[in-house]
Every structure is written in C-alpha cells, then in structure tokens.
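# kindly generate the corresponding structure for this input.
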Amino acid sequence: MRAIIIEDEQLSVRHLRDLLRRQSPPVDVVATADSVESAVVLLQNVAPPDVLFLDIHLSDGLSFELFEQLDVQCPVIFTTAYDAYALRAFKVNSIDYLLKPVAEGELRAALAKLQRLRHGPGSPPALDAALLAEVVQQLRQAAVYKQQFVVKVGEYLKVVPVETIRYFSSSDGITLLHTHENRRYVIDHTLEQLEKLVDPREFFRLNRAYLVHQQAIQEIIHFSNSRLKTVLTPGPAEGDVLVSRERVPAFRAWLER
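Coordinates of the predicted model:
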C-alpha cells in the first residue's frame, strides 16, 4: 500500500511513518505535506495513494479545506489530537480516525478495515462533498481557541489575556510570550503547539522562531531573493524578523484574507 501523510508536526510524521513501516506488509509513505496549501499542490501532482492520513488541524487551517479545492478520491484516515474534531470527521464517511499519539494497535485495525473494504464487494466509501462542506462550516464556527494563558511570575501565577499578546518566540528550547507592554514570560508550549491553540486568523508563524499577532506587525519590507522582513512592536532584541521563504506565499494570502 502507498500512503501520503498530511501532518504539520514532524514528530507525529516520524512516529506514524515508523508505525507504517512496521506493518505486515509495510506501508510505503510516498510523500508528506505540512499545510493545506502544500497538500493541495502535492495532491495535484502525484498519483492518488491507496490511503491518505490527514491531520485535521494544520498550521494554516483545517484540513477539510482540501476538499473545497480538490476532488479527493482515495480513502482517508483522519488523525487528530482533538476528540470533537475526530467525531465529526468520522461522520463524514472516512475510513477511520485515529487519536494522537497514534497507537499501533489502532493503526493496524484501521488498515485492516481499509483492506477489507478494498477487497470486498464494491469499494471504500467516497467522501460526501456536501457533508464535508457542512462539517467545514461547523468547525469554523465551533473552533474554540485559548482566551488566556497562565504564566508563572516568581511565586505567583499571572493570567495573560490573548488580546494583550503580540507574539511568541522560541530560542534554545525556551518559548517566550511577549505582551504589548513589552513584558516577557516563559511558557510551557512549543510554537507548534501554540499554532493550534491560537486563532490562525490573528496569529501567523513567520518562521521557526516567531508566531506573531497581526497587531504586532508594523511594517513589511521587501528583502533579498523574494523574501520579506517584518518590523514588530514591541521590537525583538535581534531586530527585524524575516519571513521564511517557503512561508511568503501563505503570509501574503493571510494578509489579504
């Protein structure tokens, strides 16, 4: 079997790839993508796989948006850390859904179910486009993002409302929350985790080290080789922040939304 994994957490990709490699017979992961945008490009340019493993919440939106842009014919197994999303996804005629971290026994059962459908009468169920569109709309309306973070200040705990946050930064394994008052607090989340916790309409991941609120961006400057440079406020110690080259198209689209 040939599989494609759409997942924005590289640890999850490696974990799932290892599990698939251990199946009998092994499942060959032919390609991966980490966003809705890159997944659309990938699926438009490769032969349909035997199964598509699809994380529901990607860095640039819900993976259901794929079905608004593509006619996905292959069977889909959804993966998610969110039970609410998973239950809705399961009702959309997917082959199965797996809660992360994916357990090998559950993966084996999902693949066995797919094999039965492939070799039994008929074919695996097609995804219902109309129902998918309805689910996408429900998820957009129901998505609940964090309203505040609790940080430790000495012996005290402090509540920081999301509307006061201007950006998150990461360096040497430490993640900092930066407020509009230019205060910084250490938090126990990675930027990858934070991308799923805050509203993607308000926050954008500029590069590996910065996740910024739209109100933090004061200026955007053309840089070399089609790259962009942002001026943030309050200003980071290292100065202006570059947008990763591969994120520039998505950043432009986010600005124009």
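# can you point out the buried residues in the longest helix along the chain?
Assignment by DSSP state H gives helix 104-119 as the longest helix of the chain. Neighbour counts using 16 or more other Cβ atoms under 10 Å place 107, 110-111, 114 of helix 104-119 among the buried residues. Where C-beta positions appear, they are placed from N, C-alpha and C, glycine not excepted.
# so how far is residue 79 from the spatially most central residue of the chain?
Residue closest to the mean C-alpha point of the chain, counted by Cα atoms, centre = their mean, is residue 58 at 1.8 Å. Residue 58 sits 11 Å away from residue 79, going by Cβ to Cβ, to the nearest Å.
# again, but for residue 40
In terms of Cβ to Cβ, residue 40 sits 18 Å off from residue 79.
# so those two - more neighbours on which side?
Higher neighbour count among residue 40 and residue 79: residue 79, with 25 against 17, using other Cβ atoms under 10 Å.
# state the number of residues packed around residue 97.
By other Cβ under 10 Å, 23 other residues sit near residue 97.
# what strand or helix carries it?
strand 96-99 (DSSP states H and E).
# so what strands line up beside that strand?
Strand 96-99 has the following strand partners under DSSP bridges: strand 76-80 (parallel).
# and the strand it pairs with with helix 104-119, angle?
Here the directions of strand 76-80 and helix 104-119 differ by 160 degrees (axes from the mean of the first three to the mean of the last three Cα atoms, to 10 degrees).
# just the C-alphas of strand 76-80, formatted as CSV.
The C-alpha coordinates for strand 76-80 follow below in CSV (Å, rounded to 0.1, in the frame of the first residue of the first chain):
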residue,chain,number,x,y,z
VAL,A,76,-8.9,8.9,4.1
ILE,A,77,-7.9,8.1,7.7
PHE,A,78,-8.1,11.2,9.8
THR,A,79,-5.6,11.8,12.7
THR,A,80,-6.2,14.3,15.4
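# circling back to that earlier point, which one of the buried residues of helix 104-119 is nearest residue 205?
Set against residue 205, the nearest of these by Cβ to Cβ is residue 107 (28.4 Å).
# if we can go back for a sec, got phi/psi on the residue nearest to the centre of the chain?
The phi/psi pair for residue 58 (degrees, to the nearest 10) reads phi -100, psi 170.
# again, but for residue 37
phi -60, psi -50.
# that one contacts residue 60, doesn't it?
Yes. Here residue 37 reaches residue 60: they are 5.9 Å apart, a contact under Cβ atoms under 8 Å.
# joint contacts of the two?
Residues touching both residue 37 and residue 60 (Cβ atoms under 8 Å, 6 or more residues apart in numbering): residue 250.
# ok but residue 150 is inside a helix, no?
No. Counting by DSSP: H, G, I helix; E, B strand; the rest coil, residue 150 is not part of a helix but strand.
# list the contacts of it.
157-160 are the contacts of residue 150 under Cβ under 8 Å, 6+ apart.
# please redo it, this time with the cut-off set to 10 Å
Residue 150 makes contact with 157-160, 185, 187-188, according to Cβ atoms under 10 Å, 6 or more residues apart in numbering.
# so what's it bridging to?
residue 159.
# mean confidence score for stretch 174-183?
Averaging pLDDT along stretch 174-183 yields 96.
# mind checking the end-to-end distance for that stretch?
Across its full length, stretch 174-183 reaches 16 Å end to end, with Cα to Cα, to the nearest Å as the criterion.
# what's it in contact with?
149, 151, 153, 158, 160-170, 184-191, 193-194, 209-213, 215-216, 232-236.
# ok, now with 7 Å
149, 151, 160, 164-169, 184-187, 189-191, 234 (Cβ atoms under 7 Å, 6 or more residues apart in numbering).
# alright, I will stop here.
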